[in-house]
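Peer 1: Just to be clear, the model below is a prediction. Sequence and coordinates:
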Amino acid sequence: MNDTANPTRTDPILRLTGICKQFGAVTALDDISMDIHEGEVVALVGDNGAGKSTLIKTLSGVHQPTSGRIEFCGRSVQLQNPSDAITLGIATVYQDLSLCENLDVVANLFLGQELSPWSLDETQMEVRAWNLLKELAARIPSVREPIASLSGGQRQTVAIARSLLTDPKVIMLDEPTAALGVAQTAEVLNLIERVRDRGHGVILISHNMDDVRAVADRIVVLRLGKNNGEFDSNATHQDLVSAITGAEDNSVTRRHARQHSTEAGE
Ligand SMILES: Nc1ncnc2c1ncn2[C@@H]1O[C@H](COP(=O)(O)OP(=O)(O)OP(=O)(O)O)[C@@H](O)[C@H]1O
Ligand SMILES: [Mg+2]
């Protein structure tokens, strides 16, 4: 955490330049560059093994890049461990959510960050939990419900709300809708929009192109550890599949083209 600059409002909160990550002989990330601004959702897409999780882990302090530069609010930073990232204002919601099934919503929200660790201020934590969930328009029946009795979408909501307690500038979500049905997916996508509206920068990893196009302001494609295109939300399904697979012509794009010509009555 060094190098000071004077960021202006239009500067990105987070800027990655030339990030490389080697695991022995394996090059997981090769010269990745990417910007995240406040109040925007950037989707990170790519096939299995493209490097998405490695990139997220590099930004959350789990892995250190082999080379390259991470700038946060105009300053070059080194994230030696996950607490460096959290202290700086980069929060991560991993796919497993890391919630305690037997504890209620309040306890899960404040786990490890109890307001007054020596004498837990239950009332204050409950009020703060309600306020946060209300602000996010979250549909949680009671903050005293154990996590075990909540749906997948509600659990995802609790995990996202928990990551917001430290008021991060950037929040990274790894496949938040992967295990969810249609209604719950819509609920989580709405939640992501509300998180963006609060001014946070959001990095969303997803394999679901409909979700990505519904909520992302920009879509960054990784392929074999490299940048392979950047799109806005007007990108077609075919554009994205081509960039992800590296081929203009494949079974998914052909099926998509067939559907389109049928819809057009050709
Ligand atoms: N700890 C590690 N040690 C060695 N190789 C690794 C390690 N972590 C990731 N890799 C390799 O780095 C590459 C990128 O993996 P990564 O998990 O980042 O992909 P991904 O885009 O998240 O894929 P998925 O969609 O399957 O989650 C893969 O070739 C993977 O085998
Ligand atoms: Mg992954």
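Peer 2: Great, that's in hand. Ligands and ions are numbered 1, 2, ... in the order given.
Peer 1: where does the protein come near ligand 1, residue by residue?
Peer 2: In this structure, the chain approaches ligand 1 at residues F23, V26, A28, G46, N48, G49, A50, G51, K52, S53, T54, judged by C-beta under 6 Å from any ligand atom. Glycine gets a C-beta too; all of them are placed from N, C-alpha and C.
Peer 1: Is it correct that T185 falls within a helix?
Peer 2: Yes - counting by DSSP: H, G, I helix; E, B strand; the rest coil, T185 is found in a helix.
Peer 1: Name the secondary structure element that contains the closest residue to it other than its chain neighbours.
Peer 2: Distances taken as C-beta to C-beta, 6 or more residues apart in numbering place T177 nearest to T185, at 4.4 Å, with adjacent residues excluded. Counting by DSSP states H and E, no helix or strand carries T177.
Peer 1: quick one on the thing from earlier: give me the subset of the residues of the chain next to ligand 1 lying in helices.
Peer 2: K52, S53, T54 (DSSP state H).
Peer 1: Now render these as TSV, adding distance to E135, pLDDT and neighbour count.
Peer 2: Listed next are those as TSV, based on distance: C-beta to C-beta, whole Å; pLDDT from 0 to 100; neighbours: other C-beta atoms under 10 Å:
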residue	distance to E135	pLDDT	neighbour count
K52	29	95	23
S53	30	93	18
T54	33	95	22
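Peer 1: tell me which of those is nearest to I205?
Peer 2: Using C-beta to C-beta, K52 is the member of those that lies nearest I205, at 5.0 Å.
Peer 1: on that earlier part again, what pLDDT does the residue nearest to T185 get?
Peer 2: Predicted confidence (pLDDT) for T177: 88.
Peer 1: let's have the chain start at 55 instead
Peer 2: Fine by me, first position is 55 from now on; the one you just mentioned is T231.
Peer 1: Show the contacting residues for it.
Peer 2: When contacts are counted by C-beta atoms under 8 Å, 6 or more residues apart in numbering, T231 touches Q210, Q238, T239, V242, L243, S260, N262, D265.
Peer 1: Are we agreed that the fifth one is in a strand?
Peer 2: No - assigned with three-state DSSP, L243 falls outside any strand and is helix.
Peer 1: how far away is it from H91?
Peer 2: Taking C-beta to C-beta, to the nearest Å as the measure, L243 falls 20 Å from H91.
Peer 1: Compare those two and say which is more crowded by neighbours.
Peer 2: Counted by other C-beta atoms under 10 Å, L243 and H91 do not tie: L243 has more neighbours, with 21 against 17.
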